[in-house]
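Participant: predicted model follows, preceded by the sequence.
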Amino acid sequence: MSVEKFFTNYPLVFVCPPDERDIRITITQIHTHKIRGADIILIAEENEELQRAVEGKPASLEHYYYKYIKIPATGDKYAFVFAATLALQQIALKMSITKRKYLNKLKIEEHGVHPDVPKNVSKSITVD
């Protein structure tokens, strides 16, 4: 069995603030990882160069998935963090729900995957 299949089609999330330097670095990294077989999830303000970077399917791959999550323009790389956090939380919620459904389908009991009651996480602290 070839181990190559384990190193392709892995999800990679990029969060890119609206700063020209960060955009250039992100585009370079997107191209680098697309060639290596990554599926790209990009969270950024709308930008044509970023759009072109994620859209193009590498010729060497049969399958390529991308998602460009465009967040409202803030024009500020620090305010951007708050908008990006909401998108990341939404992704985490959807991943948790999908994983829970999959484990339930496999009839794995007490798997501990629940978006509202995560296993081994305390939402309150008791002080004696």
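Facilitator: Here it is on my side, so go on. This structure is a prediction, so every number in the text was calculated from the model and none was measured.

Participant: make it CA atoms for all contacts and neighbour counts henceforth
Facilitator: Fine.

Participant: now do the contacts for the residue nearest to the spatial centre of the chain.
Facilitator: By CA atoms, centre = their mean, the chain has its centre lying nearest to residue 13, at 3.4 Å. Neighbouring residues of residue 13 by CA atoms under 8 Å, 6 or more residues apart in numbering: 40, 41, 42, 43.

Participant: next: residue 85.
Facilitator: Residue 85 sits next to no residue when contact means CA under 8 Å, 6+ apart.

Participant: contacts for stretch 68-80?
Facilitator: 17-19, 41-46, 51, 54, 83-84, 87.

Participant: kindly recompute the last result at 6 Å.
Facilitator: 17, 18, 41, 42, 43, 44, 45, 46 (CA atoms under 6 Å, 6 or more residues apart in numbering).

Participant: quick one: which of those residues sit in strands?
Facilitator: Counting by DSSP state E, the contacts of stretch 68-80 place 41, 42, 43, 44, 45 in strands.

Participant: of these - the most surrounded one?
Facilitator: residue 44 (25 neighbours; other CA atoms under 10 Å).

Participant: I figured it hits residue 18, correct?
Facilitator: No. With contact defined as CA atoms under 6 Å, residue 44 does not count as touching residue 18 (7.3 Å).

Participant: can you show me the strands along the chain?
Facilitator: Using DSSP E, strands in the chain cover 10-16, 38-45, 66-71.
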